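> Build me a structure from this.
(chains A and B, ligands or ions: 2)
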Amino acid sequence: MSNATTAHSVVEPSSTSKRIAGFIVILYAVITMVPLAWIFLTSIKSPPDSISYPPKIVFQPTLEGYCNLFTTRTRQTPEYIQSLGPPTSTCDEITRSRNMVIAGPSNYWPRFTNSMVIAFGSTFLAVFLGTLAAYGFSRFRVPLADDLLFFILSTRMMPPIAVAIPIYLMYRELGLSDTALGMILLYTAVNVSLAVWLLKGFIDEIPREYEEAAMIDGYTRLQAFRKVVLPQATTGIAATAIFCLIFAWNEYAFAVLLTSGTAQTAPPFIPTIIGEGGMDWPAVAAGTTIFLVPILVFTILLRKQLLRGITFGAVRK
Amino acid sequence: MAEIRIENLRKQFSDFVAVQDSSFTVEDGEFLALLGPSGCGKTTTLRMIAGLELPTSGKIYLDGEDVTFNRASERDIAFVFQLFALYPHMNVRKNIGFPLLSQGVPKAEIKARVEETARLLQISHILDRSVSGLAGGDRQRVALGRAIVRRPKCFLMDEPLGTLDAEFREVMVHELRELHNRIHATTVYVTHDQHEAMAMADKIAVMNHGVIEQFGTPQEIYNRPASMYVADFIGSPPMNFLKFTSGLQIGARSVSVDGVEIALPEVRQDMAVGELALGVRPEHIRFSDNSALRGSVYGAEYLGTNQIVAVETGKGLLKARVSADRTFRVGETVGLELNSEKLSLFDCASGRAVKSSLYTEARHG
Ligand SMILES: Nc1ncnc2c1ncn2[C@@H]1O[C@H](COP(=O)(O)OP(=O)(O)O)[C@@H](O)[C@H]1O
Ligand SMILES: [Mg+2]
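Ligands and ions are numbered 1, 2, ... in the order given. This is a model prediction of the structure:
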């Protein structure tokens, strides 16, 4: 039969409708990618190119933005710069061409590391606690389970920032202000309700007979949970982890309020780059580009689980 | 292998009683079918034996040891679930070997025992397949494999054939019984299908609304039903009831139903005047022109070697299973003769069988 059928459609779509669908998908992808491409291109422009109008499509790419992002520089006289030895790196060379010398590393890298520690730490905690809580709600008779679940959900009903001032005061009292631990706890608290609800849905879908079979076969409940429930909940766990990570990674308001020094994350730091050397848009764009990478990698790594997680109801009977 | 003894087992879910004061013993190597309609408490009973559900009261003994409060993992019982519960993230081999892994059996021995089990069930060729692509029958066999590989004290099976289609079910009924004949494991098998129970079980417990109505061999249950419920649930078509009002004295050998005298096994119980029901299996009715019990033919269902003829009597519709030789016309007047040795008598108020020589003698003999 030339008109092969698939499980999903009885009639093979015509080539015209396929072409139209393909066109729409590509158009949509292009539109969503424009801001990202813009940011990336800006990051490899020189500062004058970055603010020229109309925007330059063709330009001489440079690493200046990245150099400025990772360093602090001081202005020097051309005579002084000439008196120095040959430049030790590309960045050194670029900086000297602007009549400046590198004074030391900028705070971007430590801020980026803070973001990694805080976002991944809180994601791990939220998913870990969420999985256990969701399993408990799903499998045991918890007294007042419905009320508790509603209470957990209700913590997300107002924007978290509404309680910013009390949290700020409490954190100052407790010495948690501007600490990674404080931020991890805060993001975990915000994310755990989402995690419990999402994961409860996934775990409810796993028939309890699986664990019961394992327990009859000589495993303890904890072993059954680890060997039978967890492997089947991986899609749900991956999907939940990505949601939690995205929130913690992008969170701005609490970060501005509660971190200013050692524990500052990347989001509140990036805007401060602008102020350092005039309108240094390439450095800001470079900071943003690098900031996007971890989420991108994490999502690509988990894309299979994520896709299966999203189509969960459709895959299972 | 082991004997399972249940004493006054009861399970209550808040104020709903799912299982009421059940007591029975499954002897070592015996195959018991728990038979009853959906919702009567079969699964709940089985889950209590397995340790997945704690009884509200009562005791469970395995080989004489009180295991009522033991964890499921400590009972050395295997359970075949209604939907098999094969782990989707493991292949067939891993599924079957999983129970051995928990006991710390060495890898080489696991491999050997899994393969031996697979040979027994004739599934050696699918050992390395994923369980998700398996057909119903193979899933069934893998689930059985996971149960027997550990050589547990006993097997519990919850409607294991429920999801298979009718044709295949018959094949599996034979396979299961054959497997039982070979390994002689004490088995409790839950089903709502009387044919499965009759075909496989050494003993049957008929359940209704959480109560065990009768416990006995398939023959006892069929020939001497302890209650109208059992009589009606077993047999297709089920037992016929002829209702009438009368009293009974010990030693009576007949009853009068609307003036027609019907002989029956000697009554061993006095009964005050009340509504009674004469119970007669379709195959214990014969057509006889000079019988005083008369009716008109309502319809006939041809079954090849025999036929089911429905006859409208003054006391309701009676179904008779007779040879297919004779053809009946609808509306034709016929006389019916009941096999007097096989009749049961029930007290309609309680639904229980009235004691008679048919019941008491068989029990002693
Ligand atoms: N966990 C439970 N909570 C409340 N009621 C239950 C529970 N399990 C079973 N039941 C009830 O107990 C009765 C018997 O159930 P079950 O043993 O599954 O019946 P069967 O297996 O004979 O179909 C049903 O009415 C069912 O609704
Ligand atoms: Mg059931």
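> Stretch A:197-212 and chain B, are they touching?
Yes. Judged by Cβ under 8 Å from any Cβ of the partner chain, stretch A:197-212 and chain B are in contact via A:207, A:209, A:210, A:212. (Glycine included, C-beta is placed from N, CA and C.)
> Only the buried members of those: can you turn that into a PyMOL selection?
To isolate the buried members of the residues of stretch A:197-212 next to chain B in PyMOL, using 16 or more other Cβ atoms under 10 Å in any protein chain shown:
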select buried, chain A and resi 209+210+212
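> Of the residues of stretch A:197-212 next to chain B, which belong to strands?
Among the residues of stretch A:197-212 next to chain B, no member falls in strands (criterion: DSSP state E).
> count of residues packed around the residue of chain A found nearest ligand 1?
Closest contact between chain A and ligand 1, by Cβ to the nearest ligand atom, is at residue A:141 (9.0 Å). Residue A:141 has 5 neighbouring residues, counting by other Cβ atoms under 10 Å in any protein chain shown.
> Give me the below-cutoff pLDDT ranges for the stretch 1-150 of chain B.
B:1 (pLDDT under 70).
> Can you tell me which residues in it are near chain A?
Counting by Cβ under 8 Å from any Cβ, the stretch 1-150 of chain B sits next to chain A at B:50-52, B:71-73, B:75, B:77-79, B:81-83, B:85, B:87-89, B:98-99, B:102-103, B:146, B:150.
> Going by neighbour count, which of the residues you listed are buried?
B:50-52, B:72-73, B:75, B:77-79, B:81-82, B:85, B:87, B:89, B:98-99, B:102, B:146, B:150.
> need the contact list for residue B:70.
For residue B:70, the contacting residues are residue B:51, by Cβ atoms under 8 Å, 6 or more residues apart in numbering or on different chains.
> Next up, the contacts around residue B:343.
B:262, B:264, B:265, B:278, B:279, B:280, B:284, B:358.
> Ignoring the adjacent residues along the chain, who's closest to it?
Nearest residue to residue B:343 in three dimensions, chain neighbours excluded: residue B:264, at 4.3 Å (Cβ to Cβ, 6 or more residues apart in numbering or on different chains).
> ditto for residue B:333
Per Cβ to Cβ, 6+ apart, closest to residue B:333 is residue B:296, 5.3 Å.
> Quickly note the distance from that neighbour to residue B:303.
As for residue B:296, its distance to residue B:303 is 21 Å (criterion: Cβ to Cβ, to the nearest Å).
> These two - which one has more neighbours?
The neighbour comparison of residue B:296 against residue B:303 (other Cβ under 10 Å) goes to residue B:296, with 13 against 10.
> ok but the more buried one is inside a strand, no?
Yes. According to DSSP: H, G, I helix; E, B strand; the rest coil, residue B:296 belongs to a strand.
> list the contacts for residue B:257?
By Cβ under 8 Å, 6+ apart, the neighbours of residue B:257 are B:242, B:244, B:278, B:293, B:315.
> Beta-bridge partners for it, please?
residue B:260 (DSSP bridges).
> in the stretch 51-200 of chain B, which spans are helices?
Ranges of helices in the stretch 51-200 of chain B, per DSSP state H, counting those that start in this stretch, are B:92-102, B:107-121, B:136-148, B:166-183, B:194-200.
> Closest to residue A:126 out of the residues of stretch A:197-212 next to chain B?
residue A:210 (24.9 Å; Cβ to Cβ).
> Got the phi and psi for residue A:141?
When read as degrees, to the nearest 10, the backbone of residue A:141 gives phi -80, psi 90.
> pLDDT score assigned to it?
At residue A:141, the model reports a pLDDT of 88.
> Kindly report the same for the one 4 residues further on.
Model confidence at residue A:145, expressed as pLDDT, equals 90.
> just residue B:287 next, same as before
Residue B:287 carries a pLDDT value of 92.
> neighbours around it, how many?
Neighbour number of residue B:287 under other Cβ under 10 Å is 17.
> Isn't it up against residue B:333?
No. In this structure residue B:287 lies outside contact range of residue B:333 using Cβ atoms under 8 Å: 10.9 Å.
> follow-up on the earlier one: out of the residues of stretch A:197-212 next to chain B, which sit inside helices?
Mapping the residues of stretch A:197-212 next to chain B onto helices (DSSP state H) picks out A:209, A:210, A:212.
> mind checking how far the residue of chain A closest to ligand 1 is from residue B:26?
Taken as Cβ to Cβ, the span from residue A:141 to residue B:26 is 30 Å.
> name the element residue B:245 belongs to?
Residue B:245 belongs to strand B:240-248 when assigned by DSSP states H and E.
> if we can go back for a sec, going by distance to chain A, which of the contacts of residue B:343 wins?
Chain A lies nearest to residue B:279 out of these, by Cβ to the nearest Cβ, at 39.9 Å.
> Contacts only, for the closest one.
Residue B:279 sits in contact with B:225, B:228, B:231, B:239, B:240, B:241, B:343, B:344, B:345, B:346, B:353, where contact means Cβ under 8 Å, 6+ apart.
> didn't the fourth one look like it was pressed against residue B:342?
Meaning residue B:239. No. With contact defined as Cβ under 8 Å, residue B:239 does not reach residue B:342; the gap is 10.3 Å.
> These two: who's more crowded?
Just comparing residue B:239 and residue B:342: by other Cβ under 10 Å the higher neighbour count belongs to residue B:239, 23 against 16.
> Do you know the pLDDT at that one?
96.
> Count the neighbours of the residue lying closest to it once chain neighbours are set aside for me.
For residue B:239, ignoring the flanking residues on the chain, the nearest one in space by Cβ to Cβ, 6+ apart is residue B:231 at 4.0 Å. Residues contacting residue B:231 under the criterion other Cβ under 10 Å number 27.
> And residue A:86, by the same measure?
Going by other Cβ under 10 Å, the residues that sit close to residue A:86 add up to 6.
> Contacts only, for residue A:114.
A:180, A:183, A:259, A:262, A:263, A:264, A:265, A:266.
> Tabulate those residues in TSV, adding columns for pLDDT, distance to residue A:44 and neighbour count.
TSV is the format used below for these (pLDDT from 0 to 100; distance: Cβ to Cβ, whole Å; neighbours: other Cβ atoms under 10 Å in any protein chain shown):
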residue	pLDDT	distance to residue A:44	neighbour count
A:180	95	32	18
A:183	96	32	29
A:259	90	29	23
A:262	90	31	11
A:263	92	31	22
A:264	93	26	22
A:265	94	25	30
A:266	93	20	27
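> related to what we said a few turns ago, quick one: mark the members of the residues of the stretch 1-150 of chain B next to chain A that sit in strands.
B:77, B:78, B:79.
> wait, the first one sits on residue B:156?
Yes. Assessed by Cβ under 8 Å, residue B:77 is found in contact with residue B:156 at 6.1 Å.
> Check the contact lists of those two and give me the overlap.
By Cβ under 8 Å, 6+ apart, the residues touching both residue B:77 and residue B:156 are B:49, B:50.
> If residue A:75 is in a bridge, with which residues?
Under the criterion used here (DSSP bridges), residue A:75 is bridged to residue A:100.
> For it, grab the count of nearby residues.
Neighbours of residue A:75 using other Cβ under 10 Å come to 11.
> If anything else comes up later, I'll come back, but that's it for now.
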